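Engineer: Sequence and predicted structure are below.
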Amino acid sequence: MSDLAIELTRVSKHFGPKVAVNAVSLQVRQGDVFGLIGPNGAGKTTTFSMMCGYLYPTEGSLQVMGVSPTTPGALKGRVGALPQDAVLPPGWEVGALLTYWARLSALPQPEHEARGALEKVGLMEAWKVQTQALSHGMAKRAAMAQALMGSPPLVLLDEPTAGLDPRIAAQVRQLIKDMKGTQTVVVSSHNLQELEELCDAAAILDKGSLAQAGTMSELTGQGAEFRVQIARGDVIIPEINALPGVTDARMEGPDVLRVRFDGQAQKAEEVISRTVGHLLQHQVLILGVSRGRRLEDRVLQLL
Amino acid sequence: MVVIWAAELRRAVRSGRALVLLGLYSMFSALVLLVVGFVTRELQAQVNDKLTEVGADAEATARAADELHRGVLGFLTSNDTAMMEALAQVPIVVLVVFKITLFFLPAYIALMGFDQVSGEVGPRSIRYLTVRARRSSVLLGKFLSQATLLLALVLVIDLAIFVYARILNPDFGFGVLVLNLLKFWTATIVFSLAYVALTTLCSSLFRSPAVSLVFNFILLFVFWLMDSVARASSDTNLLRFLRYLSPSNYSGNLLHPKLAEFAGSGAAYAAFAAIFLVGAYGVLRARDL
């Protein structure tokens, strides 16, 4: 069996003349937390909606858990999804609604699952509350709870922390971290710091096209780049460039030395130690060393 | 499908929507009942006055009343002898209310279920369902919940009408009442299912419930227009065949005592229901949610 949970091959989606997603190919490995990154209108939610089977791709092929998500009933009980703008249906108490959905997913103990999921998102007090009476944050958590019921092997979350207060957002992030390794999670978000913290891999979308996809290490260059913040002293760039493994060293502004190295041939810790050692030998005082660059910087560079 | 059916029905009952619909239906039926009752009484009184003027005896008065009854019955049953015999013991007021109800019931059904699908597609809450169930199950579950609700509402109203008719006509025996109640209820349900399916189709076509409702009314008007144009057309005019495209054309034999006649009407309504449901599924299956 393939170790891929999701595979998109040249998937496009058109809404009339507008191309929302253009020939996107990407793969999500089982057990990974995968991020969908991009500005507004990048095609994140459209891609997400195609993965859930809500939207039909105009072109290309899409496999989720080995099947096309648009095949009737193919994803029943195998996928939990938190759609971004879907309103909870009115006229239901939260507990009854979740129990109904758990029953629809053919979970063995529907009410138990519903209670467990609400507890996970800290919303047990809303069991008897009508859905239309929920605040935005509470509705979001109730929607999150329904995606978690039954611990499905694939969980798709579109903007899971948007509109949540910091404490609850941290709780949701912890939930996602807890799923890592046992469940595959796809998270779409604008919060790059959050994605950098959570994700094993990500795809960066821009204007409907794939700008870059890869592991978080590849995206942030952690395995092939580091920066040294200089407090005082003269950095001799040619000597650093001559160090074993270093492929490119240069100053990024007056105080930051950026060093790139061959991450395949050299271990990061060896190149970093050699470089720092060289700087200290030449009486260069160091404030700090950071591997790679922030995801935000990478995204801003790409878009 | 069964889970969705039960859940939607429970929601409708708990939300009070069923109560509002029952109120609407009963108020309308009561209005028709009162108007028809009043007109019947006035008509009967005028006939009696005329008979008294000409010095008719009690037997002649009874005969005239019977003639009047048979005349109205003949008009309502297109002078079908078998139907006239079968319905002879049913008070005229019940038959008139039944006929008028059949005319307005499609509009009532549209009001009842116009948002069953569009009300979930517009705000995208249907996404919570389709990740758990086939779209066909969602559609059939919603259709069945509407049909079940209507089944119960019609039974309650029909029962009230028959009880009212029994109070007005002590001759209307209990056995005949029960038998005819079942007959009228079955006829109304067979008739209604096609329109419930039509409403499901209209609700599947649009994201906006309001647009679904307007489109549903437009279709009902088109059916009514086709029926009227066809009936007004001469025997040589091809337009006369238009009526076969209108579901209401087949309502005439729903109370027919002969099984074959009833089955013919029933089959026509089943065919309409199937066409509308398949259409609704085709639309929902193909659309982005």
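Structural biologist: Great, that's in hand. Numbering: from 1, shown residues only, chains lettered A, B, ... in the order given.
Engineer: List the contacts of residue A:303.
Structural biologist: In this structure, residue A:303 makes contact with A:38-39, A:204, A:206, A:211, judged by CB atoms under 8 Å, 6 or more residues apart in numbering or on different chains. No exception for glycine: its C-beta is placed from N, CA and C like everyone else's.
Engineer: Residue A:124 contacts residue A:115, doesn't it?
Structural biologist: Yes - the criterion here is CB atoms under 8 Å, and residue A:124 meets it with residue A:115 at 7.1 Å.
Engineer: more crowded one of those two?
Structural biologist: Higher neighbour count among residue A:124 and residue A:115: residue A:115, with 19 against 14, using other CB atoms under 10 Å in any protein chain shown.
Engineer: What lies in contact with the helix or strand containing the more buried one?
Structural biologist: Assessed by DSSP states H and E, residue A:115 sits inside helix A:110-120. Taking contacts as CB under 8 Å, 6+ apart, the residues outside helix A:110-120 that touch it are A:94-95, A:98-103, A:107, A:124, A:126-127, A:142, A:145-146, A:148-150, A:175.
Engineer: Select only the buried ones of those residues in PyMOL?
Structural biologist: This is how PyMOL selects the buried members of those, with burial counted by 16 or more other CB atoms under 10 Å in any protein chain shown:
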select buried, chain A and resi 94+95+98+99+100+101+102+103+107+126+127+142+145+146+148+149+150+175
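Engineer: which parts of chain B sit against chain A?
Structural biologist: Neighbours of chain A within chain B, by CB under 8 Å from any CB of the partner chain: B:3-4, B:7, B:11, B:14-15, B:120, B:123-125, B:127-136, B:285-286, B:288-289.
Engineer: Mark which of the residues you listed are buried, thanks.
Structural biologist: B:3-4, B:7, B:11, B:120, B:123-125, B:127-136, B:289.
Engineer: Would you list the buried entries among the contacts of residue A:303?
Structural biologist: The neighbour count (16+ other CB under 10 Å) marks A:38, A:204, A:206, A:211 as buried among the contacts of residue A:303.
Engineer: From chain B, how far out is the third one?
Structural biologist: Which is residue A:206. Per CB to the nearest CB, to the nearest Å, residue A:206 is found 23 Å from chain B.
Engineer: Also the last one?
Structural biologist: As for residue A:211, its distance to chain B is 25 Å (criterion: CB to the nearest CB).
Engineer: Wait, that residue touches residue A:302, no?
Structural biologist: Yes - counting by CB under 8 Å, residue A:211 does reach residue A:302; the two are 4.6 Å apart.
Engineer: Give me the common contacts of the two.
Structural biologist: Going by CB under 8 Å, 6+ apart, residues that sit against residue A:211 and also against residue A:302 are residue A:204.
Engineer: list the helices and strands the worst-scoring helix or strand of chain A on mean pLDDT packs on?
Structural biologist: Least confident element among the helices and strands of chain A, by mean pLDDT, DSSP states H and E: helix A:295-302 (a mean of 75). Where contact means 3 or more CB pairs under 8 Å, 6 or more residues apart in numbering or on different chains; DSSP states H and E, helix A:295-302 is packed against helix A:192-198, strand A:201-206, strand A:209-215, helix A:216-220.
Engineer: Tell me the gap between the second one and the middle of its chain.
Structural biologist: The reference is to strand A:201-206. When C-alpha coordinates are averaged (CA atoms, centre = their mean, to the nearest Å), strand A:201-206 and its chain have centres 8 Å apart.
Engineer: likewise the shortest one?
Structural biologist: When C-alpha coordinates are averaged (CA atoms, centre = their mean), helix A:216-220 and its chain have centres 12 Å apart.
Engineer: out of the contacts of helix A:110-120, who's near chain B?
Structural biologist: Applying CB under 8 Å from any CB to the contacts of helix A:110-120, one finds that A:100-101, A:103, A:146 fall near chain B.
Engineer: Kindly indicate whether residue A:226 is helix, strand or coil.
Structural biologist: strand (DSSP: H, G, I helix; E, B strand; the rest coil).
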